[in-house]
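Engineer: I would like the atomic coordinates for the input below:
(one chain, ligands or ions: 1)
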Amino acid sequence: MQNLAIGFIGTGGIGAHHAQGMRAMPGHFRLVTASDTSAQALTRFGESYGITRLHADYRRVLGDPEVEAVVILLPHHLHEQVATEAVAAGKHVLLEKPIARTVAEADRIIQAARTQHRTLMIAHNQRFDGRHAWIARQLQAGALGRLLTARIDHQQNFNPPERSWWRSLDQVGGGCVIGSGIHRLDLLRWWFGEVEEVYAQLQWDAARLEGEVACTAALRFRGGVHAEFLCHWGIHRPTHGESVFITGVDGTFSIDGGEDGRQSLAPHHEHLAFAGPQDPTESMWQHFHRCVTTGATPLTSGEEGRASLALALDVVRSGTLRSAVRTEAQAVLHRAGSA
Ligand SMILES: NC(=O)c1ccc[n+]([C@@H]2O[C@H](COP(=O)([O-])OP(=O)(O)OC[C@H]3O[C@@H](n4cnc5c(N)ncnc54)[C@H](O)[C@@H]3O)[C@@H](O)[C@H]2O)c1
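Structural biologist: Residues are numbered from 1 along each chain as shown. You can find the predicted model right below:
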């Protein structure tokens, strides 16, 4: 078993989550160094995980010859710059979602990883949630027969601090759709294939952020499924909630987003004694290890991250234009790009 030396770039909000998921598999990874421009975040991280090679400048992590792979946990406007430099430095990359703010930025990251023959995986961690993976397998096996409709949501009370980058349209590349909804759109694409047309509505709350705070959308998939999507960062409840409802001619799968974040899965209206959910972060890191050590293409490759970003941007574009948007052009570009 190859024990990969990992460098963290960004040790903020999501950093501890990754560190714990990664360290849950002894013998797979060694956390050897980290970088953050916030001395406070970096010191806390170093103390928590016993690392002393701590740098304000991420290039010191990229220049560290022991480091084989980096995880990039940065504001979205830095994803392209740091990810392209990382693969140029010979490092494999696990990059937080969204891959980037624009399709052009995403293309440059993907191209750089291809040129350098490095693994590029996007941290669309919801695909590694045991319940979501179970649904993917069941749908693939035709368990619900011909698929008809779906409903999916993400709801959260998200009010970033005054000077947070999360408030900036430029640094985030949007609002709640690219920030959180992209996880749910990525699941829909995984389960049902590509979207043909979307019609979205957006709402804003300038007291919280510059991008949209809420989005509802109707999506029509090429395969015929119709889906409803809701993403809301302005709800009034203490914990975030996420639910799924999928119906085919032969049954229904649902995941109810509970008040306490716990969820239950009921296939065909029977309660399933479900072994899980396993922590998706741990499974995601396990997958990253396999891809780096065998050269396999990640389930959440750069190309997949790009396609989910393109869909998120189309959703926002539809809401901004207040008209239906056909996504075919993006899909054609995607196919050409990955040919
Ligand atoms: N998968 C999920 O559920 C999930 C949840 C939250 C965040 N995220 C993603 O994780 C990424 C980071 O988000 P976050 O919430 O942890 O943000 P955050 O603001 O909490 O942390 C970002 C960190 O990056 C540091 N930083 C900024 N510029 C830097 C630079 N040039 N070099 C080194 N460090 C720098 C900041 O000081 C900060 O500590 C984003 O892509 C976000 O979308 C994913």
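Engineer: any chance you could map the strands in the protein?
Structural biologist: For the chain, applying DSSP state E gives strands covering 4-9, 29-35, 53-55, 69-72, 92-95, 120-122, 147-155, 195-204, 212-221, 226-232, 244-248, 251-257, 263-265, 325-326.
Engineer: Okay, now the sheet partners of the third one, with direction.
Structural biologist: Strands flanking strand 53-55 in the sheet, each with its direction: strand 29-35 (parallel) (DSSP bridges).
Engineer: what number of residues lie near Ser301?
Structural biologist: 21 (other Cβ atoms under 10 Å). (C-beta placed from N, C-alpha, C; glycine too.)
Engineer: what's the spacing between it and Gly248?
Structural biologist: From Ser301 across to Gly248, the span is 27 Å (Cβ to Cβ, to the nearest Å).
Engineer: any idea which residue sits dead centre in the chain?
Structural biologist: Nearest residue to the geometric centre of the chain (Cα atoms, centre = their mean): His124, 3.0 Å.
Engineer: show me what contacts that one?
Structural biologist: Contacts were defined as Cβ atoms under 8 Å, 6 or more residues apart in numbering; by that measure His124 touches 97, 182-183, 186, 300, 304-305, 308.
Engineer: which non-adjacent residue is nearest whatever residue of the chain ends up closest to the ligand?
Structural biologist: With Cβ to the nearest ligand atom, the shortest gap between the chain and the ligand falls at Gly12, namely 1.9 Å. Spatially, and ignoring its direct neighbours in sequence, Gly12 is nearest to Ala41 (5.5 Å; Cβ to Cβ, 6 or more residues apart in numbering).
Engineer: same question, His183
Structural biologist: Gln126 (4.8 Å).
Engineer: pLDDT value on that neighbour, please?
Structural biologist: pLDDT recorded at Gln126 is 95.
Engineer: To what extent is it buried, counted in neighbours?
Structural biologist: 21.
Engineer: Ok, Val244 next?
Structural biologist: Val244 has 22 nearby residues by other Cβ under 10 Å.
Engineer: Spatially, what comes nearest to it if we skip its sequence neighbours?
Structural biologist: Ile255 (4.3 Å).
Engineer: Quickly note the distance from that neighbour to Ala136.
Structural biologist: 13 Å.
Engineer: Since that was my last question, I'll sign off now.
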